[in-house]
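Visitor: would you be able to build a 3D model of this:
(2 chains)
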Amino acid sequence: MIGALIYLQVQSIKNRLRVRLRRLKKPKYLVGAVVGAAYFYFFFFRNLFTGRGGVAAGTADATPPETLLMFESLGALALFAMVLSAWIFPHERAALTFTEAEIAFLFPAPVTRRTLIHFKLVRSQIAILFTTLLLMLITRRFGGGGTAWIRAVGWWLILSTLNLHTLAASFARTRLLERGVSNWRRRVVVLSALSVVLAAAILWVRRTIPAPEASDFASLDTIKYYVRHALESGPAFYVLYPFRLVIRPYLAPDAHAFLLTFGPVLALMLLHYWWVVRSDVAFEEASVELSRKLAERIAAIRAGGNWHSTAGKQKKKRPPFALRPAGIPAVAFLWKNLISAGQAFTLRTWLFLALFAICIGGPMGASRLTPGWLPPTIGIVTAILAGYSLLLGPAILRQDLRQDLVNADVLKMYPLRGWQVVLGELLAPTAILTGAQWCLLLLAVTMFSRIPEGDAVPLTNRLSFGAGAAIIAPMLNLISLVIPNASVLLFPSWVQIGRERAGGIEVIGQRLIFMLGSVLVFAFALLPAAVLFGLVFFLSRLFLGMITALPLSAAVAAAVLAAEAGLAIWWMGRLFERFDLSAESVS
Amino acid sequence: MIEVEGLTKLYDKFPAVSDLSFAVRPGEVMGLVGPNGAGKTTTLRCLSGIIPATNGAVRIVGEDLTTNPVAAKRQLAFFSDEPRLFDYLTVQQHLTFTARIYQVSDYQEIGRRLLEELEMADKIELLPGELSRGMKQKLAIACGLLHSPKVIFFDEPLTGLDPLGIRRMKDSILKRAREGAAIIISSHLLHLLEEVCSHVLILKNGRKVVDGTMGDILQKFSEQSGDANLEEVFFRATGEAKEGK
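Guide: Numbers count the residues shown, from 1 in each chain, chains lettered A, B, ... in the order given. Now for the predicted structure:
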């Protein structure tokens, strides 16, 4: 029977791979795959082959034994914490993750419970092997030394043992529940045992080494000494001993040391395996429920919803303002998407934040009691945050076409011109970003009362800078949001639509190309506005002075950006009207 | 009034719908029938402006869907088999949003009546996630009917409805037709279409194989081989094998 289940698994992987390879026939995926592969090669694999970033494959590790011991102790402590959490936090009965199709086929079939567990174990091995590969690449990339195959097997042993323990713990918890031991009783027992161990360890450390002085914590070596002493001797050593066994193969400096440490951890794994397969716990009902929830969540994401938006869990959100039936239709999208963004984005919230910035920032910036470095530091940090929000904002705020195109059937039916839909969709993220930036600017203006360890900055200068930035911010945001939204319409299969994430090296490559392209387009779009800004600033500073020059040139630049955005929205509207959903679904 | 002339839709080179022409007048209900993959849904999506037709002309109440899409779309409503809703808007907020899009000034009164008719007046504060499938479909219908469309397209309207829901849906379709709406229903439930439709159009491989009033078609096929119902007509017209025969 297990043969059939392995067949299912192998065929699923084979078919998934075949689909991925077949779609490489299309240039958009092929180019993405090439870029993705290049990224992985230059960022990860090159180091693996050349030995850069770590010790070359096959050579002995040069890490000192005491450092290795320290790593072993910290690794064991981390593993201990993970194992402990499996006994404290979960509250549900044991449930193995199956897809709905697997439940439909396997649960009514003449398959024993033990076979299902074996199927689950085989399947989890695929994930473990993949994670092992990733961890290998990451640890090699960031300087993890040692022999590659030892690291790989080491990771595999750690992950497999942890996986088996988590599964066994879930069975044991269910068994305890069946015997009338409630979750809280179990938690009290586990936490009590943990308290005893901690108390014993602390007591032992206090008795054997002198208490540290406050000055001791300034030195990393002293801290290391205390940590090592606490973990590598006394009660903690014995409690962490099984976990050390699991970590040791990974840290083995050579093949001989590895073989010596391999035996105990293999025995530990086999013990866990025996524990799992011998546990006769009913997991079917909870598994069916779990698979239903998973399927619901996937369906919600495919429909453009939230990962957490399962039935009944999502909360009703307050509308940001009252929407009247008459008026500009695009405002309806602003209203709808602000509701989607959450209750935080109401006019009241922004007014409150602005008031907060003035009431706190103003007195703090002006007060002589405030440490001299604090206001300008806060001012600089908030100004930098405002700048960063321009780059990061469009990636975070997706309450626009990127979210709504999964409902394109509905949008296309509305009696609106394409540009009206596009404009409406862009309004909410632009408004949110602008609101956040204005608040940050307000704080920066009120706080930046003096240059760090230097002269005071006059309020008029600060207001001039703030006004300039505030005038240009909405248009910059609009342009930065136009780019990803236009990309959705131009290359729908290159951009993530809704909240469902596609996978694969070709998709990573596509995102890299898209990111680079966005930066180039953004820079190109800013060019005319930047030239005009410079020109107007130069002339107006000569005739009107610095204070007026900044907002004036910002207004001119904003007008240029607005014209660009207007043109882009009109063009995107045409694209939206011609957007053929069927062609996309076929491709 | 729905007028379709030479409607063609190609997916790459594959013709999903080929040279389709027909008309549905006010008060008429046309059943769009065909085997899976015949092009029913594609036809309805082209007629409602969701996807562009490759060739041909569609006029909704005299407005050309290609040259004057806004005026044409103002007159129509399309109900897909799977209700498409915004999962973060409540029932009431869906109506408010739709009213602004279609500029329905007295939407509160119309919405209240629609919700009462659809027996969901007590659910205005609920989110789609808190509604059953049937209720979601009713909400989609309330939103679609808010602007009193003169042309209505239904794609498998009875999917997921209980017997009472089916009865109410049939009554609702007939009521809209009596009020002068031109209606097209795509469904595999032939007995339903026989009850509700005044006209039938049978598609096969994207092409029209039969078109006419229900009475004429049934009579024509009865003449050929005794009493015929729509199911018999469907199997003979499409050449599909009927199980057991």
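
Visitor: how about low-confidence regions in chain B?
Guide: B:225-227, B:240-245 (pLDDT under 70).

Visitor: please parse the chain into its domains.
Guide: Going with chain A. With domains defined by automatic domain parsing, chain A comprises A:1-50, A:53-297, A:330-586.

Visitor: if you could check chain B rather than the one you did, that'd help
Guide: If you go by automatic domain parsing, chain B breaks into B:2-75+B:150-238, B:89-148.

Visitor: burial of residue A:127, as a residue count?
Guide: Using other Cβ atoms under 10 Å in any protein chain shown, residue A:127 has 11 neighbouring residues. In this view, the C-beta of every residue, glycine as well, is placed from N, C-alpha and C.

Visitor: about what we covered before: quick one, which of the domains of chain A is packed in tightest?
Guide: Here the criterion is mean neighbour count by mean count of other Cβ atoms under 10 Å in any protein chain shown, and of the domains of chain A the winner is domain A:330-586, at a mean of 18.

Visitor: hmm, that one in reach of chain B?
Guide: Yes - for a cut-off given as Cβ under 8 Å from any Cβ of the partner chain, domain A:330-586 has contacts with chain B, namely A:331-332, A:335-336, A:339-340, A:407-410, A:412-417, A:577-578, A:580-583, A:586.

Visitor: just the helices in chain B please.
Guide: Assigned by DSSP state H, chain B shows helices spanning B:40-47, B:69-73, B:91-102, B:107-117, B:133-145, B:163-178, B:190-196, B:214-225, B:230-238.

Visitor: looking at the ones you listed, which is closest to residue A:554?
Guide: Evaluated with Cβ to Cβ, the helices of chain B place helix B:91-102 nearest to residue A:554, the distance being 33.1 Å.

Visitor: by contact count, what packs against the closest one?
Guide: Helices and strands touching helix B:91-102, by 3 or more Cβ pairs under 8 Å, 6 or more residues apart in numbering or on different chains; DSSP states H and E, are helix A:330-341, helix B:107-117, helix B:133-145.

Visitor: center of chain A, which residue is that?
Guide: Central residue of chain A (Cα atoms, centre = their mean): residue A:396, 10.9 Å from the mean position.

Visitor: about what we covered before: to residue A:492, which of the helices and strands packed on helix B:91-102 lies closest?
Guide: Of all those, it is helix A:330-341 that lies closest to residue A:492, at 19.1 Å by Cβ to Cβ.

Visitor: now for the next helix or strand after that closest one, which elements pack on it?
Guide: The helix or strand immediately downstream of helix A:330-341 is helix A:347-356, counting by DSSP states H and E. Other elements packing on helix A:347-356 under the criterion 3+ Cβ pairs under 8 Å, 6+ apart are helix A:418-447.

Visitor: relative to helix A:330-341, how tilted is the helix it packs on?
Guide: 60 degrees (axes from the mean of the first three to the mean of the last three Cα atoms, to 10 degrees).

Visitor: and the next helix or strand past helix A:418-447?
Guide: Once helix A:418-447 ends, the next helix or strand along the chain (criterion: DSSP H and E) is helix A:459-490.

Visitor: that next one - contacts with which helices or strands?
Guide: Counting by 3+ Cβ pairs under 8 Å, 6+ apart, helix A:459-490 packs on helix A:374-396, helix A:401-404, helix A:418-447, helix A:505-543, helix A:546-578.
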